[in-house]
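> I need the structure of the sequence given here:
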Amino acid sequence: MVSNRCKMAVKEELKKLDLHFVLVDLGEVEVMEDLSTDSLLQLKLALQKVGLELMDDKKAMLIEKIKNVITEMIHNSDEVLKVNYSDFLSEKLDYDYTYLSNIFSEMKGITIQQFIIQHKIERVKELLLYDELNLTEISYKMNYSSVAHLSNQFKKITGLSPSHYMQLKDKKRKPIEDIGNFTEESND
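Now for the predicted structure:
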């Protein structure tokens, strides 16, 4: 789950199945009942109908937690992150960063750092579209060491400079849940 809309959809499906939840959070659900195999299957099918997936693989669940923390950190926070990302992830998820990094790379085929960069560039695109902050302010907000660093990374990912991107009529952005998923169109 990567949004509040997903959490609402999960709560709705749990209610339909007459399951009482203790917790519905991004990537996590805790219900009061002990689920039978049949109940678990019903829940899995109900979630699939609304485009969500029930995961019981510990590694896959950890990957989702990593993705959710990164998404929250980059897209849903107005605070400038004062610690580095590896420390933040380790602290938030209570795992050693090397362990998180190895599992993420093994399961996703990219590093956590690459995933973070892709999300940061999507957030930069969004901030450029709002046209409320200049590039210096965006650079600071997104925790870049300089405007040049932001511009270089932006160009490396998009093929365009930030100023050229702003001149485009059709500014392509990816839905948050598609960032880091590699398809034939992933080099847009």
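
> any weak-confidence spans in this protein?
Scanning the chain for pLDDT under 70 picks out the ranges 1-3, 26-27, 55-56, 80-83, 169-173, 182-188.

> What helix or strand is the residue nearest the centre of it located in?
What sits nearest the mean C-alpha location of the chain, by C-alpha atoms, centre = their mean, is residue 71, with 3.3 Å. Using DSSP states H and E, residue 71 maps to helix 58-75.

> just residue 110 next, same as before
Secondary structure from DSSP H and E places residue 110 outside every helix and strand.

> Next, give phi and psi for it.
phi -140, psi 160 (degrees, to the nearest 10).

> count of residues packed around residue 23?
8 (other C-beta atoms under 10 Å). C-beta coordinates here come from the backbone N, C-alpha and C atoms, glycine included.

> Leaving out the residues flanking it, which one is nearest to it?
Nearest residue to residue 23 in three dimensions, chain neighbours excluded: residue 30, at 4.1 Å (C-beta to C-beta, 6 or more residues apart in numbering).

> the domain parsing of the protein - what is it?
If you go by automatic domain parsing, the domain ranges for the chain are 4-54, 60-178.

> Quickly compare these and say which is most buried.
domain 60-178 (a mean of 15; mean count of other C-beta atoms under 10 Å).

> Quote the end-to-end distance of that domain.
The straight-line separation of the ends of domain 60-178 (C-alpha to C-alpha, to the nearest Å) is 16 Å.

> how far does it sit from the chain's center?
9 Å (C-alpha atoms, centre = their mean, to the nearest Å).

> Same question for stretch 42-59.
The answer for stretch 42-59 is 18 Å, by C-alpha atoms, centre = their mean.

> Contacts for it, please.
Contacts to stretch 42-59, defined as C-beta atoms under 8 Å, 6 or more residues apart in numbering, come from residues 1, 6, 9-10, 13-14, 16-17, 19, 35, 40, 61, 64, 103, 107.

> So which of these sit within helices?
Of the contacts of stretch 42-59, the ones assigned to helices by DSSP state H are 6, 9, 10, 13, 14, 16, 40, 61, 64, 103, 107.

> Looks like the third one contacts residue 29 (just checking).
Yes. If you go by C-beta atoms under 8 Å, residue 10 and residue 29 touch, sitting 6.1 Å apart.

> so what sits against both of these two?
By C-beta under 8 Å, 6+ apart, no residue touches both residue 10 and residue 29.

> hmm, back to that, so which two of the ones in helices among the contacts of stretch 42-59 are the farthest from each other?
16 and 103 (33.4 Å; C-beta to C-beta).
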